[in-house]
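1. with the sequence up front, the predicted model follows.
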Amino acid sequence: MKTTISHPIETAPWAVAVFASLWLSGAAFAQEAVTVNYRDIPVSYPAEAVVEAVRQATVAAQVAGRVVEVDVDAGQRVKKGDLLMRIDAREEAENSASAQAQLAQAQANYQRTKELLAKKFVSQAALDKAEADYLAAKGAAGASGATLSHATVTAPISGIVAARQIELGEMAALGKPLVTLYDPKDLRVLASIPQYKLPEIKQGMKARLEFPESGQWIDAARVEVLPTADARTHTVTARLYLPDGVAGVIPGMAARAHFIVGTAKKLTVPPKAILRRGEVTGVYVIDAQNLPHLRQIRLGETAANGETEVLAGLSGGERVALDPIAAGMTLKNAAAAK
């Protein structure tokens with residue numbers, strides 16, 4: 001039984017003329033087509049979102065000095081432990097040498113004091129002081145050596161250099177960011193949802209991710225709703241984790257999270273079948289004679305299956321061309337042949 005959408009469409013006179021000029025026959029259409037029908041489509045709640053890396057690290061300077069070597073730049077892949085840059089820390093090197101000398105002196109004094117105590121030439125208090133001086137010198141030497149090692153900046157994780165915040169020859173100050181890294185294999189999307197939607201979203205805990213610029217749709221591997229709400233906006237942050245190895249997705253990209261909240265029967269068409277010309281939106285419907293005809297339609301929202309809902313202009317069971325440009329060329333060639 002054929003079901004027809006009863007929504008009336010008001011077509012502008014100029015649009016009628018456009019469609020009338022393209023309503024041609026006599027040319028068979030052999031391009032790919034799809035039959036549209038009412039189907040159970042997931043109903044979703046859309047929310048704007050942004051991509052972020054789960055594992056991201058900003059390496060900051062732990063020693064002051066001039067940057068004398070830079071081995072990485074933005075976009076470069078690195079492994080954990082790879083050299084990123086070096087900082088001139090000659091002053092710290094001198095401090096380390098001084099601390100090592102004081103450590104050697106304190107250790108020798110401690111050994112002599114132990115020998116003198118054995119011969120009862122000094123008191124136990126003198127030995128305790130010598131031991132304390134030795135331990136203090138040992139700690140100072142270790143701290144100085146650790147500070148000196150910070151002049152060699154290495155990658156704390158394997159990943160991609162997202163940004164380099166310092167140039168060769170600049171002064172690195174304590175705590176100043178040097179390089180930002182992220183792991184491209186572990187990404188997630190952050191979305192804010194109103195608190196009144198929490199019961200519906202938590203019931204299914206399923207979502208699909210849409211990337212409008214590329215037209216890519218991805219099923220979220222896992223949905224995680226944080227247990228606190230923002231007191232000012234009364235929204236809750238949701239984390240939607242992407243599966244491993246998703247191409248073309250980087251931190252900072254805009255995305256749209258579609259939280260599945262139920263199902264409904266809808267008539268949808270693939271986005272590539274839709275033809276947009278100014279204010280006119282239509283599809284090429286293929287008749288029983290295998291001829292394409294341009295028909296104006298009214299669209300709704302993008303469904304969670306990636307297709308676009310049709311509110312009016314199409315009926316279940318009709319065939320729609322998946323390549324509107326090829327369908328238009330077929331009509332144009334047929335008109336030229338007459």
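-> Arrived safely, thanks for sending.
2. quick one: pLDDT of residue 278?
-> Residue 278 carries a pLDDT score of 82 in this model.
3. kindly report the same for the one 5 residues further on.
-> Residue 283 carries a pLDDT value of 88.
4. my guess is it contacts residue 293. True?
-> No: Residue 283 is beyond contact range of residue 293, at 9.6 Å (criterion: Cβ atoms under 8 Å). All C-beta spots, glycine's among them, are computed from the backbone N, C-alpha and C.
5. look at those two and report which has more neighbours.
-> Taking neighbours as other Cβ atoms under 10 Å, residue 283 and residue 293 compare with residue 283 leading, 27 against 19.
6. quick one: residues contacting that one.
-> Applying Cβ atoms under 8 Å, 6 or more residues apart in numbering to residue 283 gives the contacts 269, 273, 274, 275, 294, 295, 297, 313, 314, 320, 321, 324.
7. tell me which entries of the residues you listed lie within strands.
-> Counting by DSSP state E, those place 269, 275, 294, 295, 320, 321 in strands.
8. now those residues in CSV, with distance to residue 185, neighbour count and pLDDT?
-> Output for the ones in strands among the contacts of residue 283, formatted as CSV (distance: Cβ to Cβ, whole Å; neighbours: other Cβ atoms under 10 Å; pLDDT from 0 to 100):
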residue, distance to residue 185, neighbour count, pLDDT
269, 35, 21, 88
275, 39, 20, 88
294, 46, 23, 88
295, 46, 17, 87
320, 39, 23, 88
321, 39, 25, 87
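9. list the buried residues in stretch 299-314.
-> Buried positions in stretch 299-314, judged by neighbour count with 16 or more other Cβ atoms under 10 Å: 299, 302-314.
10. which residues does the helix or strand hosting residue 201 contact?
-> Using DSSP states H and E, residue 201 sits within helix 198-204. Outside of helix 198-204, the residues within contact range by Cβ under 8 Å, 6+ apart are 45, 193, 223, 225, 236, 238, 259, 260, 261, 262.
11. among those residues, the buried ones, what's the ChimeraX command?
-> Selection of buried members from these for ChimeraX, criterion 16+ other Cβ under 10 Å:
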select :45,193,223,225,236,238,259,260,261
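12. which one of the contacts of helix 198-204 is nearest residue 181?
-> Using Cβ to Cβ, residue 238 comes nearest to residue 181 of those, at 25.5 Å.
13. just checking, what packs against the one helix or strand that closest one maps to?
-> With secondary structure defined by DSSP H and E, residue 238 is part of strand 235-241. Contacts defined by 3 or more Cβ pairs under 8 Å, 6 or more residues apart in numbering; DSSP states H and E place strand 235-241 against strand 187-194, strand 207-211, strand 222-229, strand 254-269.
14. can you put these in a markdown table and add distance to residue 181?
-> A markdown table is the format used below for the helices and strands packed on strand 235-241 (distance: least, Cβ to Cβ, whole Å):
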| stretch | distance to residue 181 |
| --- | --- |
| strand 187-194 | 14 |
| strand 207-211 | 23 |
| strand 222-229 | 23 |
| strand 254-269 | 22 |
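15. for the ones you listed, which one ends up most surrounded?
-> Most buried of these, by mean neighbour count (mean count of other Cβ atoms under 10 Å): strand 207-211, with a mean of 22.
16. run the chain-centre distance for the helix or strand hosting residue 34.
-> Per DSSP H and E: residue 34 is located in strand 33-35. Distance of strand 33-35 from its chain centroid, counting by Cα atoms, centre = their mean, to the nearest Å, is 34 Å.
17. next one: stretch 187-206
-> With Cα atoms, centre = their mean, you get 18 Å for stretch 187-206.
18. with stretch 37-57 instead?
-> Put simply, stretch 37-57 sits 12 Å off its chain's centre (Cα atoms, centre = their mean).
19. repeat for stretch 153-162
-> Using Cα atoms, centre = their mean, the mean C-alpha position of stretch 153-162 is found 17 Å from that of the whole chain.
20. excluding chain neighbours, what is closest to the residue most central in space within the chain?
-> By Cα atoms, centre = their mean, the chain has its centre lying nearest to residue 51, at 2.8 Å. The spatial neighbour of residue 51 that comes closest, neighbours along the chain excluded (Cβ to Cβ, 6 or more residues apart in numbering), is residue 253 at 4.5 Å.
21. wait, that neighbour sits on residue 211?
-> Yes: between residue 253 and residue 211 there is a contact at 6.8 Å, judged by Cβ under 8 Å.
22. per-residue confidence at residue 211?
-> Turning to residue 211, the model gives it a pLDDT of 90.
23. for the closest residue to it other than its chain neighbours, list each beta-bridge partner.
-> Leaving aside its sequence neighbours, residue 211 sits nearest to residue 255 (Cβ to Cβ, 6+ apart; 5.5 Å). Beta-bridge partners recorded for residue 255 (DSSP bridges): residue 49.
24. ok, so of the buried residues of stretch 299-314, who is nearest residue 121?
-> Of all the buried residues of stretch 299-314, residue 121 sits closest to residue 304, with 88.1 Å by Cβ to Cβ.
25. quick one: contacts for that closest one?
-> Contacts for residue 304 (Cβ under 8 Å, 6+ apart) come out as 41, 42, 43, 44, 208, 258, 260.
26. noted, bye for now.
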